[in-house]
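K.L.:
Structure for the following, please:
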Amino acid sequence: MMLSRSHVMHRQAAVSAKPLVGKLRTAHVVAAVAGARHINSKMVKQLDGPADVTSFVEDLNVKYEKVHKAFEDNFWATKMNLKGCSSDALSKTKTDYDSFLADPANLKAVKEQLQRSDLSAEQRKVLQVLERTFKCYITEDPAAGSLKEKLNDAEAKLAQARNTMNLGYTDVESGSFKAASSVQLRNLMRVAEQEDTRKSAYEGLRSVGPFVADSFLGIVKDRNKLARLLGYEDFYDYKVTAAEGFGKRRLFEILDDLEVKTRPIMEEARKRLAKEKGESALLPHNISHALAGDTTKATDPYFPFEDAVDVWGRTFAALGIKYEGSVMTLDLCDRQGKYSNGFCHWPQPAWRKSDGTWVPAHANFTSLATPNQLGSGKTALETLLHEGGHAAHFANVDQHSPFFSQERAPTSVAYAENQSMFLDSIANDAAWLGRYAVSREGSVMPWSVVEQLIADTHPYEVFQVRAMLAVPYFEKALYEMPEDQLTSEALQSLADDIETKVQGGLWPRPMLSVPHILADESSCYCHGYVLAEMSVHQTRDHFLEKYCAIVDNPQVGADLTSVYWRPGNWAMFLDLVQQLTGKPLVADAWVAKLKVPTDDLLAKEKQEYEAAVKAGPKSEPGSEFDLGMRVRLVHGDEEISDSQTDGGFQQACAKFKTWVRQHYLEGKQQ
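P.N.:
Numbers count the residues shown, from 1 in each chain. Model (predicted):
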């Protein structure tokens, strides 16, 4: 499940985990991975080799595509709270999907095909990915299969309950309860002037923990039972091994190194914030306001929400990104009952049939903006860049099976998040702000605001690092907790304890309000953001060294497509990073960025800004460009615009702008 980094922001002992032996990477899979270190970006258009093998592969592809689409259609309907959505239908199609992936007969048949000596190289590659995928899900113990069905049902019911819970805050003036989504509550903590309002918003988010605790604990226990039936230490070990190809021990060796190196930077940043804004700024309901309140007000005019889709499209077009015939459905505005996190899923994975026919992706993509709320425009744009980055990645996987382009295991979490996080990082560059951060009146964000943005945020960027680390450390501790100690009180105490240890104190987003931890697809997932951010900084350094520019540079899109995107999950994440950057993945570039003195960074960014303002964007606002996709803009069951029927991307954007202004910016209620 591809989820927005902007909605994730929010240890200690070394892990004693078993080394990975015989769980995922058999000898021929290791050979396949080694062979993927040098990716040929030119696809063989037809699947050559014995016809009966090609027929076997095509049959599995079609069967997979059918169960995948049925589940994803129900996933979207349920998460968007569409008319007629059903948690029972979601549970059934999830079980059908899981049952197909976990059918031992499929794995056995694939292994038999792999024994043949007359396979073409391309057939062998496809079969190896099929095998690797099935091995992530096979549960030979019947008890494991029954337990998985039980979990699917419990997770679907908890998701529906969480989506429809009565969340909100108490209005300080009237004393009345006001319904608000988790996104709206977090925004209130950033922008509300009255501390009582911010505190009430925080308490609203805190209420999620007690609400989900009892149901979630049952899921935690069953997840661990499932993982141990499959031979893993616990559920975290199972999830990371399936997704990344290495176990929990290796993962936390990497994370522990980053934790140690950034802890002193975090401690210094907390001292600085307290000195600048007072000790009360460190309270969880005040931190966001102390860090972003003034900056948000200053930058908000230059991120009109209604222009966000156009800005995203022009930004990606200037990078040379194409969507290869994809259809994208965007549901961008928040509403009651909608899932509380941005995400992008693919009911139709991109793939190439054995006869060479191209099957373009269909993507469903959501954010949670309230267009008339301060700061929502920038948040929406960052989400568009992030989730649009996921969509670009998966739209460009060009292989002979949809198994290569689906986002679950064995697709690496870090691999998937690297693409989206690299692209949303651009919105913080002065080189981008000087071109694309433009007010409704057509004024470019002035340098004084960019300077303030950098000066206010750079010294505290380490807080993002620590927030990203907190979730995996919490989940690690949670799944290592003895079952007889798993109580509602212990769960909430653990969440607070991890926040305090990793982040230096309680944080504006209470741990148990993070939706990732509840859903099967995104549980034990957030370490991927940390590994991905490492690669983002390493990738940025590579492009800046090679081309001297990222923004409006079409060579960036070309390199991302040929090296990172085209192979899909055939190649290992660490191998791809090394292939593109010429170096193994390390945290050095990230830590170095955190240590750059603010004055030095300002001097560099000012030069970039001045050059950007002089050059202007490659495509002016309202101009046509070709991203190679059809875009549908919706609000739940309502279709707002469609580039196919409305005459193009810009015409669809124009209708969306009109809709936003009518519903949010002219006094009309949602």
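
K.L.:
Tell me which residues touch the residue lying closest to residue 388 once chain neighbours are set aside, please.
P.N.:
Nearest non-adjacent residue to residue 388, counting by CB to CB, 6 or more residues apart in numbering: residue 312, 5.7 Å away. In this view, the C-beta of every residue, glycine as well, is placed from N, C-alpha and C. Residue 312 makes contacts with 381, 384-385, 388, as judged by CB atoms under 8 Å, 6 or more residues apart in numbering.

K.L.:
try 6 Å
P.N.:
Contact analysis of residue 312 by CB atoms under 6 Å, 6 or more residues apart in numbering lists 384-385, 388.

K.L.:
hey, where'd the strands end up in the stretch 551-670 of the chain?
P.N.:
In the stretch 551-670 of the chain, strands defined by DSSP state E, counting those that start in this stretch lie at 629-635, 638-642, listed in chain order.

K.L.:
is it possible to export the ones you listed to TSV including mean pLDDT?
P.N.:
What follows is the strands of the stretch 551-670 of the chain, written out as TSV (pLDDT from 0 to 100):
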stretch	mean pLDDT
strand 629-635	97
strand 638-642	98
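
K.L.:
rewinding a little: among the contacts of residue 312, which one is most surrounded by other residues?
P.N.:
Among the contacts of residue 312, residue 384 has the most neighbours (other CB atoms under 10 Å), with 28 neighbours.

K.L.:
Tell me where the model's unsure across this protein.
P.N.:
For the chain, applying pLDDT under 70 flags the ranges 1-44, 139-140, 293-294, 667-670.

K.L.:
Just the buried positions in stretch 617-634, please.
P.N.:
Residues of stretch 617-634 classed as buried: 617-619, 627, 629-634 (neighbour count, 16 or more other CB atoms under 10 Å).

K.L.:
Could you do stretch 134-143 as well?
P.N.:
Buried, per 16+ other CB under 10 Å, within stretch 134-143: 134-139.

K.L.:
Report the distance from it to the chain centre.
P.N.:
27 Å (CA atoms, centre = their mean, to the nearest Å).

K.L.:
could I have that stretch exported to CSV, CA atoms only?
P.N.:
C-alpha atoms of stretch 134-143 as CSV (Å, rounded to 0.1, in the frame of the first residue of the first chain):
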residue,chain,number,x,y,z
PHE,A,134,4.1,-17.1,-4.3
LYS,A,135,6.8,-18.0,-1.7
CYS,A,136,5.9,-14.8,0.2
TYR,A,137,2.3,-16.0,0.7
ILE,A,138,2.3,-19.8,0.8
THR,A,139,1.0,-21.1,4.1
GLU,A,140,1.3,-24.9,3.9
ASP,A,141,-0.1,-25.3,7.4
PRO,A,142,-3.9,-25.3,7.1
ALA,A,143,-4.1,-23.5,10.4
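
K.L.:
Just confirm residue 342 contacts residue 383, I think it does.
P.N.:
Yes - counting by CB atoms under 6 Å, residue 342 does reach residue 383; the two are 4.5 Å apart.

K.L.:
Sketch out the strands for the stretch 51-200 of the chain, chain order is fine.
P.N.:
Using DSSP E, counting those that start in this stretch, strands in the stretch 51-200 of the chain cover 168-170, 177-179.

K.L.:
And the first one, how far out from the chain middle?
P.N.:
When you say that, I think you mean strand 168-170. With CA atoms, centre = their mean, you get 28 Å for strand 168-170.

K.L.:
who does it touch, helix- and strand-wise?
P.N.:
Applying 3 or more CB pairs under 6 Å, 6 or more residues apart in numbering; DSSP states H and E, we find strand 168-170 packed against strand 177-179, helix 195-206.

K.L.:
looking at those, which is buried most?
P.N.:
helix 195-206 (a mean of 21; mean count of other CB atoms under 10 Å).

K.L.:
if we can go back for a sec, may I see the helices and strands packed on strand 168-170 arranged in a markdown table, with distance to residue 78 as well?
P.N.:
Converted to a markdown table, those look like this (distance: least, CB to CB, whole Å):
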| stretch | distance to residue 78 |
| --- | --- |
| strand 177-179 | 20 |
| helix 195-206 | 22 |
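
K.L.:
Give the helix, strand or coil label for residue 331.
P.N.:
strand (DSSP: H, G, I helix; E, B strand; the rest coil).

K.L.:
Not counting sequence-adjacent ones, nearest residue to residue 374?
P.N.:
residue 191 (4.4 Å).

K.L.:
same question, residue 490
P.N.:
Counting by CB to CB, 6+ apart, residue 490 lies nearest to residue 481, which is 7.2 Å off, once chain neighbours are set aside.
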